[in-house]
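S.K.: Predicted coordinates and the sequence they were generated for:
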2 protein chains.
Amino acid sequence: MAPDHFGDRLTTAIRSVGTPLCMGIDPHLSLMPTLFGDVGETASSSTIRAIEDFSMACLEMAKGRVAAIKPQAAFFEAQGPDGMHVLARLGRAAIDAGILVIMDAKRNDIGSTNAAYAAAWIGHDAAFPSDALTVNAYLGLDTLDPLLARADQQGAGLFVLTRTSNPGAGDLQDLKVDGKPLFQHLAAGLAPLAAAREGELGLSSLGIVAGATWPDEARALRQTLPGAPFLVPGFGAQGAGAAQALAGLTVGPEGPEGGLVNSTRGLIFPAAAREAGTIDAWRTAIGDAIEAGRTALGTS
Amino acid sequence: MAPDHFGDRLTTAIRSVGTPLCMGIDPHLSLMPTLFGDVGETASSSTIRAIEDFSMACLEMAKGRVAAIKPQAAFFEAQGPDGMHVLARLGRAAIDAGILVIMDAKRNDIGSTNAAYAAAWIGHDAAFPSDALTVNAYLGLDTLDPLLARADQQGAGLFVLTRTSNPGAGDLQDLKVDGKPLFQHLAAGLAPLAAAREGELGLSSLGIVAGATWPDEARALRQTLPGAPFLVPGFGAQGAGAAQALAGLTVGPEGPEGGLVNSTRGLIFPAAAREAGTIDAWRTAIGDAIEAGRTALGTS
């Protein structure tokens, strides 16, 4: 049975956990504590085991403390097919634990090929199980059709890259078309698709990526997409503070909602955790980092 | 030891085989001949084996007949991690056979994450071994830096999605910025990066994707990017004829060069091959389809 509507589930998760904070899980070999084992050779059994132990330990810490996890596919792919096995198991474990999984894989292709990506990445039944997927729409809005069809059928969501958090985001995204930046044209194209997918709690299953480093753009995007969930990267290590990160979110009965504020390095690679000598010390450091993130976002 | 410059290797391959034709390898379950086995359940051992046998048989037919193969990552990902194992083995087998491998994975992320995608996908030493990778630059030109660094170090190439072959390609790509379509702004941004990477035979290791369905756009792009290899999808099944497909290529001493014209369905799923009752009949049908493609492109 397909789970309920993604937007509703996202709002429920945020209200239940008390924060829109999302934990990025990027097993960056050079940042992983030695506590999780040797991460020397690419795709070696010890590296794969370390990545799995680390990712699953992060998931354990995420439970009940953040609204979702966001594994970054690139770091699993860099370890080849065995790394992809870890990603699939991580997605499954999170879903079994009732935590939302945003697969950050930024997939994109023409329509007939996107149907294959949809089967791979969207929904609890996917090869890489998820609740939502990040996608790129540069190829055109028609390419979203098979992704939306699969998401609708699976009770899953999509986050379309609209305004990203990197320094060069504006190279294309800010180019002016009829006086408006390109990303606003994309958002306008997404608006009817998002409006048609609003759940009972008002949030759509079609959202966008809107980087925390560009709060003015996020506020403008919220005008265009009042009911879309915003996935907000760039909070913390990439330089954006809480006020910036929350700029595009909405205010719910119990605090900020309407999207997810992702933090990766701040939550899974804080200095105290990297220096931890025992798993208990590591857990304490990660717990403290999550608590600091929650507090910064003004949530209890 | 890293292989030689990608642009030089591409030109040499085209001249040696006598055609810019590229074979797309998309193991589309609903189109695969039953000859290769049962392709029922996703990621079942029989499905994985059928995909591997089919892909490797296509590679065998490609040898000496086309300039490159272009596996489509989505169809392997749809079969989960075991499907990704097949993709890795296909890339390795092609490289061992001396056939260029264009991994069509359209990866993209911000810089620090793209370094992980680069390790996964670019070069003979990658987790998914390749000679070149397709990438998406909507996130900004800065995101190409780690991809270019890895490609330069590995003697590999990149094809940046610029003007795609799908009907909705123009939704974003054609939007007018200062009187010019967006895709031309992207091309102009790529021009110095491509010019700095031209090999001894004049072709760069940095190229673009320019769909066969848009020949006028391809000709305009060739003005902007005189030395860039063009990867041209959309020939055949997607509706473009040979003249359209060749619009953006250049004329070399022995025929069209300066890029690759990809055909997938026309080469690996011709009607005669799908109905073949024996592997020999299948081989004959694929051989005929490749010969028809070569002839259509005006090559011997």
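M.R.: The structure has been received and is ready for your questions. Quantities reported herein were computed from a predicted structural model and do not represent experimental measurements.
S.K.: Contact residues of the stretch 201-300 of chain A facing chain B?
M.R.: A:Pro233 (C-beta under 8 Å from any C-beta of the partner chain). For the C-beta atoms, the positions are set from N, CA and C on the backbone; glycine is no exception.
S.K.: What segments of the stretch 201-300 of chain A are strands?
M.R.: For the stretch 201-300 of chain A, applying DSSP state E, counting those that start in this stretch gives strands covering A:206-210, A:230-232, A:250-252, A:255-257, A:259-263.
S.K.: Alpha carbons of the first one, as CSV, please.
M.R.: Coordinates of the C-alpha atoms in strand A:206-210 are reproduced here as CSV (Å, rounded to 0.1, in the frame of the first residue of the first chain):
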residue,chain,number,x,y,z
LEU,A,206,6.1,18.9,-5.5
GLY,A,207,8.7,21.2,-4.0
ILE,A,208,11.9,23.0,-4.9
VAL,A,209,15.5,23.3,-3.7
ALA,A,210,16.1,26.9,-2.6
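S.K.: Show me where chain A dips below the pLDDT cut-off.
M.R.: A:1, A:299-300 (pLDDT under 70).
S.K.: Could I get the phi/psi values of the residue of it most remote from its centre?
M.R.: What lies farthest from the middle of chain A is A:Asp178; by C-alpha atoms, centre = their mean that is 31.5 Å. Phi and psi for A:Asp178, reported as degrees, to the nearest 10, are phi 50, psi 40.
S.K.: Now do the contacts for the residue of the stretch 151-300 of chain A found nearest chain B.
M.R.: The stretch 151-300 of chain A approaches chain B most closely through A:Gly168 (3.1 Å), counting by C-beta to the nearest C-beta. Applying C-beta atoms under 8 Å, 6 or more residues apart in numbering or on different chains to A:Gly168 gives the contacts B:139-143.
S.K.: Just the closest of these to A:Leu231, please.
M.R.: B:Leu139 (14.1 Å; C-beta to C-beta).
S.K.: Check whether A:Thr264 really touches A:Ala74, as I assumed.
M.R.: No: distance between A:Thr264 and A:Ala74: 12.0 Å, which falls outside the contact criterion (C-beta atoms under 8 Å).
S.K.: what's the neighbour count on A:Asp280?
M.R.: Look at A:Asp280: counted by other C-beta atoms under 10 Å in any protein chain shown, it has 9 neighbours.
S.K.: And for the one 3 residues further on?
M.R.: For A:Arg283, the tally of surrounding residues (other C-beta under 10 Å) stands at 15.
S.K.: Tell me how far it lies from A:His28.
M.R.: 19 Å (C-beta to C-beta, to the nearest Å).
S.K.: same check, this time on A:Leu231
M.R.: For A:Leu231, the distance to A:His28 - C-beta to C-beta - is 20 Å.
S.K.: again, but for A:Ala195
M.R.: For A:Ala195, the distance to A:His28 - C-beta to C-beta - is 38 Å.
S.K.: same thing with A:Thr134?
M.R.: 18 Å.
S.K.: Who has more neighbours out of those two?
M.R.: Using other C-beta under 10 Å, the more surrounded residue of A:Thr134 and A:His28 is A:Thr134, with 27 against 21.
S.K.: just to revisit the earlier point, what touches both of A:Thr264 and A:Ala74?
M.R.: Counting by C-beta under 8 Å, 6+ apart, the contacts common to A:Thr264 and A:Ala74 are A:Asp26.
S.K.: if we can go back for a sec, part of a helix, is the residue of the stretch 151-300 of chain A closest to chain B?
M.R.: Yes: if the criterion is DSSP: H, G, I helix; E, B strand; the rest coil, then A:Gly168 is within a helix.
S.K.: where's it relative to B:Lys180, distance?
M.R.: Relative to B:Lys180, and taking C-beta to C-beta, A:Gly168 is found at 20 Å.
S.K.: picking that back up, counting neighbours, which of the contacts of A:Gly168 comes out on top?
M.R.: Going by other C-beta under 10 Å, B:Leu139 tops these with 29 neighbours.
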